[in-house]
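Participant: Sequence and predicted model, in that order:
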Amino acid sequence: MKYAITGHTQGIGLALFNTVENAIGFSTSNGYDITLKKDRKRIIEQSSECNIFINNAHSHYGQVDMLLDLFAAWKDQDKLVINIGSRIAEDTTCLKNYEHLLEYQIQKKALKVLHYDLVKLDVKLQFKYVWFGYVGTERILKKYPQITQDQYISVENAVEMILS
């Protein structure tokens, strides 16, 4: 298997990149911005030999656009796209105290809806959708120092869920 991973330099993406063999990574730190069409095109071209594409990076609607572009390029190929979603797309009640999360929620909801719409199509390309609440990444643990272990899953468990 050969993997392509967006957002591979921190958090879940970094853990995935360090876990799987034969992976290539795409992030802003190595010159790829998923919000730019030209960069998404380069990512698809450079990952053409990959069997599994992990659509992990989130940047505005870039993750949604990445999925659309992958579908257009690979719909007739025997590959797997794993989309990393968020619990926020599942549950609107969490927004009662966090109105600033609305934009993020809409973006993650768009990814979820598009994913499930594409699954319904009769194409060779396969899809998997994995979503989490809080994951104990360095960024989350720093941002929410009050969070306890029973309120998040470990990065290792997230990686295991993605790859299973």
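Facilitator: Received the coordinates, thanks.
Participant: Tell me the spacing between the nearest residue to A110 once chain neighbours are set aside and L141.
Facilitator: With sequence-adjacent residues excluded and distances taken as Cβ to Cβ, 6 or more residues apart in numbering, A110 is closest to V64, at 4.9 Å. Any C-beta I mention is one placed from the backbone N, CA and C, and that applies to glycine too. Distance of V64 to L141, given as Cβ to Cβ, to the nearest Å: 27 Å.
Participant: neighbour count winner among those two?
Facilitator: Remark: of V64 and L141, V64 carries more neighbours, 22 against 13, as counted by other Cβ atoms under 10 Å.
Participant: Give the rounded mean pLDDT of the helix or strand the more buried one falls within.
Facilitator: Secondary structure assignment for V64, by DSSP states H and E: helix 62-74. Taken as a whole, helix 62-74 has a mean pLDDT of 98.
Participant: So what's the residue count around D69?
Facilitator: Neighbours of D69 using other Cβ under 10 Å come to 16.
Participant: Tell me how many other residues surround the residue nearest to it when sequence neighbours are not counted.
Facilitator: Excluding its sequence neighbours, the residue lying closest to D69 (Cβ to Cβ, 6+ apart) is R40, at 4.8 Å. A total of 23 residues lie near R40 under the criterion other Cβ under 10 Å.
Participant: May I have the predicted confidence score for D39?
Facilitator: 98.
Participant: Distance-wise, check it relative to S154.
Facilitator: D39 is 31 Å from S154, by Cβ to Cβ.
Participant: on that earlier part again, and the helix holding V64, how far out from the chain middle?
Facilitator: 12 Å (Cα atoms, centre = their mean, to the nearest Å).
Participant: ok now do the residue nearest to D69, which residues does it touch?
Facilitator: The contact partners of R40, by Cβ atoms under 8 Å, 6 or more residues apart in numbering, come to I34, G62, D65, M66, D69.
Participant: and the next element down the chain from the host helix or strand of it?
Facilitator: Element membership for R40, per DSSP H and E: helix 37-46. Sequence-wise, the next helix or strand downstream of helix 37-46 (DSSP H and E) is strand 52-55.
Participant: Show the residue spans covered by the helices in this structure.
Facilitator: Counting by DSSP state H, the segments of the chain that form helices are 11-19, 37-46, 62-74, 102-119, 138-143, 155-163.
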